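Trainee: how would this look folded up:
(chains A, B and C, ligands or ions: 2)
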Amino acid sequence: MQTTALALAVLGAALLLGGLLSGLDRRLTARLQSRQGPPFTQPFFDVIKLLAKERMVTNPWQAFSPLATLSAAACALLLFAWQGDLLVILFVHMAGGVFLVLGAMASPSPYSQIAGQRELWQMLCCETLLFVMAGALYLTTGSFRVSGAAALGEPLLYRLPLLFAAFLLALTVKMRKSPFDLAGCHHAHQELVRGVFTEYVGPHLGLLEIAHWLEVVLYLAICSLFWATGPWGMILLPLTAFLAVIVLDNVSARLTWRWMLGWGWGAAFVLSAVNLFWLKG
Amino acid sequence: MVFMIPVVLKNLFGRCATRPYPQSPRQLFAGSRGQLINDAGKCILCGTCARSCPSQCLTVSRKEGLWQYEPFACVFCGVCVEACPAGSLSQLGQWRPAVRERERVVLKVEVKSEKSGVRSEA
Amino acid sequence: MAGTILPFGPQHPVLPEPLHLNLQIEDEIVVSATPAFGYVHRGLEKLADIRDFRQMIQVVERVCGICSMIHALTYCQGLEELMGIEPTPRARFLRVIWSELHRLHSHLLWLGLFADAMGFESLFMQLWKVRERIMDINEATAGNRVILSVNVIGGVRRDLDSGQTAWILSELAEVEKGFSAMSRTILHDYTVQKRTRGKGALSRSQAMELGCVGPMLRASGVSQDMRLLGYAAYGELEFAPVVEQDGDCYARCRVRFAELGQSIGLIRQAIAKLPAGDTSVPVKGRPPAGEVVARAEQPRGECLYYIKANGGKFLDRLRIRTPTFANIPALTVMLPGIELADVPVVLLSIDPCISCTER
Ligand code: SF4
Ligand code: SF4
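Mentor: Numbering: from 1, shown residues only, chains lettered A, B, ... in the order given. Ligands and ions are numbered 1, 2, ... in the order given. A predicted model of the protein is given here:
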C-alpha cells in the first residue's frame, strides 16, 4: 500500500518535472530565437487539451502503442527510483521505444512509416551507447545497480568523461533536438511532418507527449549518475546537459540519419571505446 | 555551429523582437494605408472612386444618395483616395479591427447639405 | 522500403505554398519526382477582360505576395513603352529603391525559409527578425508592408523626402549589420554545409538547357541579370551580377546572400543620385493598339510580361511568365537521386513561388 502511494508520488513528481522542463525548453528556445515564448505551464495546458479531444485511430495498434510506451517509460522511471538494475531499466525503456515504432508502422502513411524506420536507427545508436554505459558502470563499481554510482565516493564523470560526451549525443537524440530531430521533432517542420507522431491525434498524442516527458526525465536521471556524490551534482549536471542540448538545437541544422549512423554513432563509439580501455588500462 | 552561439546568446540577454500582439499593438507609420473613411459632408457623389477602384468594392448611386463600400473586398490600395475630386475620402492611421460578421458600409449622402448617417448591415 | 510513393504536398509544413510532388522513394532515396500544379490558380490574367488597364496595376501586384512591386513595375514599363511615355527621372530612381527593397526582403525571407528547410529554426527566426526592418521601411515609405502599390503608368505614386531617405539609410545600416552577423553561419557553418554542398547541382549547360533564370542560373556560372538591360535607373548605377560556379544549393545560397549586399549598395547609390523633380508624368488616353514584351529582374529571376492592347480601355491579352515557372523543370532533374531529407532543401533552393507561377 505504502509502496503504491510512493510510486504514485514519484510518477507525479516526474510528470510535474517533465512538464516544467518542457516549458523551460520552449521558453528558453524562444528567448534564444529572440521570441517571447509561452508561459512555463503551457505544456500542461497543451496536454490537457489533447487528452480532452475526440479519440480517433486508424487501427487498434495506434490506441495500444501510446499506452504501452507510456507504461514502459513509467516502469523504467520507477525502477530507477527504487535504485534497480540499470540493465533492466534500459530494457524496459527500450520496450517502450519498440511500441512507439510499432504504432508508427501500424498506419499506412509513408511519413510515419519512414519515421518509424528512422526511429529504429536512432534506438540502435542510443541504446547501444546506453548499454555500453551500463557496462562501464559495472566495470567501475562492480555492480549494474544504480545505487553503485552513489556508493563510489567520487563522481563517475572523473572516470568516464568521454562516455559522458557520448551520452550527451544520446540525450540530443532522445530530446528530439537538432541535429538529431530525425524521426520526429517538436514542431512539425521537417520533411516527415512530425515523423512518428504524424498520424496521432487527440488523447493518444497526449499520452505520447507525457511518455516523452517521462523519458526525458529518465535520461536526465541517468545523467545525474555521473555526479552522484551529492544532491547538488545530481541537479546541476543534468540541468547543464539539458541546457547544452537546447543551445545545440539552436546553433545547428538538422543532419541526416546517414550522418548520425556514420559520424555521430562512430564518434560516440570511439569515445566510449577509448574510455573503456583507459578504465581497464 | 560555433558561429551561431554569440548570436543566440545575444538574443537570450537582449530584448525580444516579438510583442504580445492584441494586448500591445504597434502604432502604424505615418502614411500607412489604413481604414478607409468617407466624409459624407464633402462627398459630391460623382462616382469617380467607384470607377477607379480595382476591386470594384464601391458603389455610388446618385439617385438614392448612397455611397456604399465593402470593406472585406477592399485591398486598401488608396487609388480611390487619390481619385476623389472632392477630397472626401481618406485613410486612417489604423487598420480596421477584426470583426465576427461581414460588414457593409452604407453612407447616406445628401449633396449640398450637412446631414448624413452611417448604417451597417450584416 | 522498396517503392514507396510519398505524396509531398500540396499541404506540407516545409512548403510555403501548395505544390504537389509525387516522390517515388527507395530507402529514402528519391527515384523520381513528378510535380503537379493548379492549387492556387486565380485567373488573374483573365481579369484583364473586366478591369481596365489602370486597375490592372493593382491586379498584377497580387500575382505574387513577395515581389509585388516588381510585377507592377514590369507591367507599367510595358504600358509606358506601348504608349510612348517616358517616366520622370526621379520616378525611375525611386522605382530602383523600392525594387531593391523588395529584393532584400525577398532574399531574407528565402534565406530564412531555406534555413527552416534544413531544420535550422533559430537562423530562420534571426533572418526574419532582420527582415522586419525592411518591412517597416516599406510601410513607412509606401503605405503597405508587402503590396506597395507605388507604381502608376508614368511614374510612382509616392515620394521620399530627405528625412525619409536618411532614415532608410540608417535602417539599412542596421539591416546590413544584422545579416552580416549571420554570414559566417550561412556560409561556413559545418551543419549548413553538410546539408547544402553538392546537393541538387546543375552544370552550366544543364541550367541553360532547362531554361533556369535568376539566381539559379547565376549560381551555375551564367552571368544573366535583367537589370543589365538598364530599365528604370539601373543603367545609371554601378553593379555586376553575382555569379557562382558550383551550381549546387550552397552556391545558390551564396548568390542570394551576396545579392543582399548588392541591393543595399544599389539603394545607397540610387539615394545618392536621386534627381529632383516630379514623381510622375500625367497620362491621358488609352494604350494604342499594339503589343509589347516587358522584362524585369525579380528576386527569383527574369519576369516577362506580354501585353496586347486594342486601343480600348481593356487589354486584349495579358500573359505573365514568372521566374518560378522557368525554374520548375530543373526540379525534375535535381530531385531524382537525392536523399529524402534533402528534398526540402533542393526544393527551396529554386525559391519556389507557386502563386506567381499559377497566377
Ligand atoms: S467619395 Fe469622392 S470620388 Fe467618391 S463619389 Fe464621393 S466625391 Fe466622388
Ligand atoms: S482602397 Fe482601393 S480597393 Fe479599397 S475602395 Fe479604395 S480603390 Fe477600392
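Trainee: make it CA atoms for all contacts and neighbour counts henceforth
Mentor: OK.
Trainee: wait, what's in contact with the residue nearest to the spatial centre of chain B?
Mentor: Nearest residue to the geometric centre of chain B (CA atoms, centre = their mean): B:Q35, 1.9 Å. Contact analysis of B:Q35 by CA atoms under 8 Å, 6 or more residues apart in numbering or on different chains lists B:F76, B:Q91, B:L92, B:G93, B:Q94, B:W95, B:R96.
Trainee: of those residues, buried ones?
Mentor: With burial judged by 16 or more other CA atoms under 10 Å in any protein chain shown, the buried subset of the contacts of B:Q35 is B:F76, B:Q91, B:L92, B:G93, B:Q94.
Trainee: separation between the fourth one and C:N144?
Mentor: The spacing between B:G93 and C:N144, counted by CA to CA, to the nearest Å, is 11 Å.
Trainee: Kindly report the same for the first one.
Mentor: Remark: distance between B:F76 and C:N144 (CA to CA) = 9 Å.
Trainee: intersection of neighbour lists for the two?
Mentor: Joint contacts of B:F76 and C:N144 (CA under 8 Å, 6+ apart) are B:R33.
Trainee: residues touching residue 66, list them.
Mentor: Using chain A. For A:P66, the contact set (CA under 8 Å, 6+ apart) comprises A:F99, A:L100, A:G103, A:H204, A:L205, A:L207, A:L208, A:A211.
Trainee: should've been chain C
Mentor: By CA under 8 Å, 6+ apart, C:I66 lies in contact with C:H102, C:S106, C:V146, C:I147.
Trainee: now swap in A:M260 and tell me
Mentor: Contacts of A:M260 by CA under 8 Å, 6+ apart are A:F180.
Trainee: Can you give me the pLDDT of it?
Mentor: For A:M260, the pLDDT comes out at 84.
Trainee: on that earlier part again, helices - which of the contacts of A:P66 land there?
Mentor: A:F99, A:L100, A:G103, A:H204, A:L205, A:L207, A:L208, A:A211 (DSSP state H).
Trainee: now, which of those residues sits nearest ligand 2?
Mentor: Ligand 2 has its nearest neighbour among the ones in helices among the contacts of A:P66 in A:L205, at 44.7 Å by CA to the nearest ligand atom.
Trainee: if I look at B:G93 and C:N144, which residues touch both of them?
Mentor: Common neighbours of B:G93 and C:N144, using CA under 8 Å, 6+ apart, are B:S32, B:R33.
Trainee: what helices or strands is the helix or strand containing C:Q77 leaning on?
Mentor: Element membership of C:Q77 [criterion: DSSP states H and E] is helix C:68-83. Judged by 3 or more CA pairs under 8 Å, 6 or more residues apart in numbering or on different chains; DSSP states H and E, helix C:68-83 is in contact with helix C:55-61, helix C:89-117, strand C:151-152, strand C:290-298, strand C:301-309.
Trainee: Tell me which of these approaches A:F269 most closely.
Mentor: Checking the helices and strands packed on helix C:68-83 against A:F269 by CA to CA gives helix C:89-117 as the closest, at 29.6 Å.
Trainee: buried residues in the helix or strand following the closest one?
Mentor: Remark: after helix C:89-117, the chain's next helix or strand is helix C:121-142, criterion DSSP H and E. Applying a neighbour-count criterion of 16+ other CA under 10 Å, one finds C:121-142 buried in helix C:121-142.
Trainee: hmm, back to that, and the furthest pair within the contacts of C:I66?
Mentor: C:S106 and C:I147 (12.5 Å).
Trainee: thinking again about what came up before, quickly name whichever of the contacts of A:P66 is closest to ligand 1.
Mentor: Of all these, ligand 1 sits closest to A:L205, with 55.3 Å by CA to the nearest ligand atom.
Trainee: per-residue confidence for the closest one?
Mentor: pLDDT, A:L205: 90.
Trainee: State the distance from it to A:F64.
Mentor: 12 Å.
Trainee: Show me which of these two is the more surrounded one.
Mentor: The neighbour count for A:L205 versus A:F64, taken as other CA atoms under 10 Å in any protein chain shown, is higher for A:L205 (21 against 15).
Trainee: Would you agree the more buried one is in contact with A:I48?
Mentor: No: applying CA atoms under 8 Å as the test, A:L205 and A:I48 come out as separate, 10.9 Å apart.
Trainee: Can you report how many residues neighbour A:M234?
Mentor: Neighbours of A:M234 (other CA under 10 Å): 20.
Trainee: My guess is it contacts A:T240. True?
Mentor: No: the criterion here is CA under 8 Å, and A:M234 misses it with A:T240 at 10.5 Å.
Trainee: and the stretch 101-250 of chain A, which of its residues are near chain C?
Mentor: Counting by CA under 8 Å from any CA of the partner chain, the stretch 101-250 of chain A comes close to chain C at A:P110, A:Y111, A:I114, A:S178, A:A188, A:H189, A:Q190, A:E191, A:V193, A:N250.
Trainee: What does the pLDDT read for the third one?
Mentor: What that stands for is A:I114. 86.
Trainee: Name all residues that make contact with it.
Mentor: Residues near A:I114 by CA under 8 Å, 6+ apart: A:L192, A:G195, C:E28.
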